[in-house]
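Q: what follows is a predicted structure for the sequence shown.
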Amino acid sequence: MLWKRQKLLREIGDQKLPYLTPKDVEFQQLSKAKYSKLHLRQASCVPEEIHQKVQQGLTALRDYKCFAQDLVQIKGKDVLTPVYRLLVGNPGHTYRYLDTRLFAIPWPTHGVEVKYSSDEIGKACQAIKDLNEYFNAEAVKILLDHYSAVNKEMGFVEKTTTSTSVEGSESVKGVHYSQQNNADTALKNRTSFNVALLNYMDPSKMKYLKEEPYFGMGKMAVSWHRDENLVERSTVAVYNYSCDDLGPASDESNKNSVEGRDPALWHVGLKIAWDIATPGLALPLYPGDCYFMLDDLNMTHQHCVLSGMQSRFSSTHRVAECSSGTLDYIFGRCDVAMKNLQKDSTLGISFLTSLDLEFVRQTEEIHNEVEFEWLRQFWFQGKRSAKQSDWWFGPMAVLENSWKEMEQMTKLLLCEINKTGWSFEEKQKIIRCLLPLLEERQELRKIWTVRCQSRLANNLPIDEQPECRPYWHEGDPNMPLPFDLEEIISLLRNQLLHEDEGDKN
């Protein structure tokens, strides 16, 4: 994407592309023609009860210091987000962006026990869930209205089929019912929001905000982007709440006007991805306003958040693509790996059920996935989730125990490799199967260790500082293998090298 951005900037040169705001005469026409899948719902159209509970909840979460900056990776470098964030959602769900996995604080859910750090935090999570259910119902209505309008514009008319044959009539009805059922399922899948990414931005504490580069829209709190890790063509629903807490610094900043938009107000900016022919949009956001990005808008367009003068909350509700991002998923993966481990309680020994290459590869891949996509991602965020609830610490302990079993399985496999009785071809195959996965593990451990010790990490608040976990010292009697796998990898490489040389001779 970097080369596309550079190409676009070269094409623009010193000029700025045009953009429109609602005060421009052509705004409505452009919005309908090029941005019809952006739907704004003004605050006055949202139930007052929703406003009251959500705004109180967001403020409470801020007051209890539940929001935190994320230490993300952009182009291979650690960057601290200027925006403070918190993920709330279905129990056991996660959301991944910029190589960072966020772990959702569960909103109240029937059958799931969640102990919140305070009653106010529990009420805030319930308010976000209530907003989520409101958004879910409204998104379905808005999409149905949108599709209906599109069909009318394209001249599609619903036809009534008559037939003298009862059997043929029933067949047509069956096809129609099947198609309608599929459409309803797709609509539900694209609007069943499972997480809400909450954002808090205070311009007075944002030391450096980038200037919007293409249109001259002013300061950006969030640069141009598409939302990641979403179900394809799913809706994103956003609640905006900017607070009435302007201070002297903000009054001073108001003097610097930005042509086109009011710099005192927060805006969402939109543009067609990598297009310089179509003007962009800057849509002002007032407290309580909501907007919906429908269907494939997130795929065809990009959006940014343009800073105003007040501090601002947003609650962004998403259908996160969670096929590999839930506790149920990763526990299931652990169960698959554990099937290859047998324990003899009488003799007090463990052994591998199979040395089949597919079993070996699958087990070691799961081993890496648990360590680097779950354990290290979670502990890299320190103990910050404890500010809201201790809910995640139990599942993480279970995952860590499974991971230790997988460390034992790797040791058992290495012991098997060193036994006699292997044919030349069999031994080569199993080493070639294992070696790349151990090399990946070693490299990733180095990367995570360095990240945990970076200056940015050490400057975070104590309870948000990354922990390099799992970590253990050389010779730890509780661990079957060393943390540093270099010696083991070297031995395996040498075995391959010697066998290759022997084969040549």
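A: Received it, and whenever you're ready, just let me know what you need.
Q: what number of residues lie near Lys207?
A: 6 (other Cβ atoms under 10 Å). Just so you know, the C-beta spots here come from the backbone N, C-alpha and C atoms, and that holds for glycine as well.
Q: tell me how far it lies from Glu232.
A: For Lys207, the distance to Glu232 equals 37 Å [Cβ to Cβ, to the nearest Å].
Q: try Tyr214
A: 26 Å.
Q: before we move on, what about Tyr19?
A: 28 Å.
Q: pLDDT at Ser169, what is it?
A: On pLDDT, Ser169 comes in at 49.
Q: now the longest strand belonging to the chain: buried residues?
A: Of all segments of type strand in the chain, defined using DSSP state E, the longest is strand 77-89. Buried residues in strand 77-89, defined by neighbour count with 16 or more other Cβ atoms under 10 Å: Asp78, Thr81, Pro82, Val83, Tyr84, Arg85, Leu86, Leu87, Val88, Gly89.
Q: next one: stretch 272-291
A: Here stretch 272-291 shows 278-285, 287-291 as buried, counting by 16+ other Cβ under 10 Å.
Q: among these, which ones are in strands?
A: Using DSSP E, the buried residues of stretch 272-291 in strands are Gly280, Leu281, Ala282, Leu283, Pro284, Leu285, Cys290, Tyr291.
Q: what about the closest residue to the fifth one other than its chain neighbours, how many neighbours?
A: If I follow you right, that is Pro284. Nearest residue to Pro284, sequence neighbours excluded (Cβ to Cβ, 6 or more residues apart in numbering): Leu265, at 4.7 Å. As a burial measure, Leu265 scores 19 neighbours (other Cβ under 10 Å).
Q: ok, now which ones touch Leu265?
A: Ser242, Pro284, Leu285, Tyr286, Gly308 (Cβ atoms under 8 Å, 6 or more residues apart in numbering).
Q: need the residues you listed in a markdown table (columns: pLDDT).
A: Shown next, in a markdown table, are those (pLDDT from 0 to 100):
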| residue | pLDDT |
| --- | --- |
| Ser242 | 95 |
| Pro284 | 97 |
| Leu285 | 97 |
| Tyr286 | 97 |
| Gly308 | 95 |
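Q: helix or strand: which one has Met220?
A: strand 220-225 (DSSP states H and E).
Q: what angle separates the next helix or strand after that strand from strand 280-285?
A: Next along the chain after strand 220-225, taking DSSP H and E as the criterion, comes strand 236-242. Angle, strand 236-242 to strand 280-285, by axes from the mean of the first three to the mean of the last three Cα atoms, to 10 degrees: 60 degrees.
Q: what strands line up against strand 236-242, and which way round?
A: strand 290-293 (antiparallel), strand 312-318 (antiparallel) (DSSP bridges).
Q: run through who's touching the last one.
A: Read it as strand 312-318. Contacts of strand 312-318 (Cβ under 8 Å, 6+ apart): 54-55, 58-59, 62, 95, 128, 131-132, 135, 193-201, 221, 227, 230, 234, 236-243, 266, 305.
Q: of the residues you listed, keep whichever come out buried.
A: For the contacts of strand 312-318, buried by 16+ other Cβ under 10 Å: 54-55, 58-59, 62, 95, 128, 131-132, 135, 193-201, 221, 227, 230, 234, 236-243, 266, 305.
Q: where does the protein have low pLDDT?
A: The model of the chain has pLDDT under 70 over residues 1-9, 156-180, 244-259, 498-505.
Q: recalculate using a threshold of 50.
A: Scanning the chain for pLDDT under 50 picks out 158-169, 171-172, 175-176, 246-256.
Q: for it, which helix is longest?
A: Determined from DSSP state H, the single longest helix within the chain is helix 119-153.
Q: what packs against the helix or strand harbouring Leu399?
A: According to DSSP H and E, Leu399 maps onto helix 393-417. Applying 3 or more Cβ pairs under 8 Å, 6 or more residues apart in numbering; DSSP states H and E, one finds that helix 393-417 contacts helix 327-338, strand 341-344, strand 349-352, helix 357-369, helix 424-452, helix 486-504.
Q: show residues contacting the helix or strand following the fifth one.
A: Translated: helix 424-452. Next along the chain after helix 424-452, taking DSSP H and E as the criterion, comes helix 455-458. By Cβ under 8 Å, 6+ apart, the residues outside helix 455-458 that reach it are Leu71, Asp78, Leu80, Arg451, Gln465, Pro466.
Q: just give me the closest of these to Ala43.
A: Nearest to Ala43 among the contacts of helix 455-458 is Leu80, at 31.8 Å by Cβ to Cβ.
Q: now the closest one: how far from Met220?
A: Taken as Cβ to Cβ, the span from Leu80 to Met220 is 16 Å.
Q: the nearest residue to Asp262 once chain neighbours are set aside and Phe215: what is the separation?
A: Closest residue to Asp262 apart from its sequence neighbours, by Cβ to Cβ, 6+ apart: Pro284 at 6.6 Å. Applying Cβ to Cβ, the value for Pro284 to Phe215 is 15 Å.
Q: hang on, Leu283 packs against His303?
A: No. In this structure, Leu283 is not within contact of His303 by Cβ atoms under 8 Å, at 9.6 Å.
Q: mutual contacts of those two, please.
A: With Cβ under 8 Å, 6+ apart, Leu283 and His303 have common neighbours Val268, Gly269, Leu270.
Q: now the last one, nearest residue through space, not along the chain?
A: Pointing back at Leu270 there. For Leu270, ignoring the flanking residues on the chain, the nearest one in space by Cβ to Cβ, 6+ apart is Leu281 at 4.6 Å.
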